[in-house]
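Q: Pasted the sequence and its predicted model underneath.
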Amino acid sequence: MEKNFAARVVDAMYDNDLFSQWLGIERVEDAPGRSVLRMTVRPEMCNGFGITHGGITFSFADSAFAFASNSHGRKSVSIETSISHTLATHPGDVLTAVAEEDHLSNKLANYRVTVTNQDGRVVALFKGMVYRTGREWEV
């Protein structure tokens with residue numbers, strides 16, 4: 001079966017995204033304005049407190065944000081992001097990021113990403129805005 005357009009766009013992004021690959025991201029869903037990702041926290045992702053480094057959780061959510069915001073086919077770049085870490089995670093935890101589109105206009109779009117652990121508990125809340133360029137993905 002042929003992949004949908006959003007999945008082909010994310011393929012083009014992911015194939016050149018060595019950091020998302022290093023994170024071990026599994027793509028669960030690629031849809032217009034939506035991305036669902038999964039990853040497992042590894043020991044080298046932890047800080048001196050033995051918990052997942054905030055930059056890892058941020059980067060994971062940021063990848064979901066990037067995939068969702070580009071999934072319509074127009075190249076989009078982040079212009080503002082923020083994250084709230086609500087629960088610590090540890091090696092072996094399986095995280096899921098769900099990025100959803102809140103607003104889409106010709107030049108700007110807003111997204112929220114909820115990151116949960118394997119128990120369904122919210123571990124981080126991320127929000128971001130992108131600038132939608134005039135360039136299209138050729139996939």
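A: Yep, that arrived.

Q: For the biggest strand by length in the chain, enumerate the helices and strands it packs against.
A: Counting residues, the longest strand in the chain under DSSP state E turns out to be strand 122-136. Counting contacts by 3 or more CB pairs under 8 Å, 6 or more residues apart in numbering; DSSP states H and E, strand 122-136 is packed against helix 54-70, strand 74-85, strand 108-116. Yep, even glycine has a C-beta here, placed from its N, CA and C like the rest.

Q: Please state the offset of the longest one from the chain centre?
A: Read that as helix 54-70. 3 Å (CA atoms, centre = their mean, to the nearest Å).

Q: Just the mean pLDDT for it, thanks.
A: Averaged over helix 54-70, pLDDT sits at 98.

Q: and the closest residue to R74 other than its chain neighbours, what are its bridge partners?
A: Excluding the flanking residues, the one nearest R74 by CB to CB, 6 or more residues apart in numbering is R132, at 5.0 Å. Bridge pairing for R132 (DSSP bridges) gives the partners S76.

Q: residue closest to the middle of the chain?
A: A64 (1.4 Å; CA atoms, centre = their mean).

Q: didn't it look like it was pressed against L37?
A: Yes. Assessed by CB atoms under 8 Å, A64 is found in contact with L37 at 4.9 Å.

Q: between the two, what contacts are shared?
A: 97, 99 (CB atoms under 8 Å, 6 or more residues apart in numbering).

Q: still on that earlier bit, what residues does the residue nearest to R74 make contact with?
A: R132 touches 69, 74-76, 105-109, counting by CB under 8 Å, 6+ apart.

Q: again with T116
A: Residues near T116 by CB under 8 Å, 6+ apart: 95-96, 98, 122-123.

Q: Fine, thanks again, bye for now.
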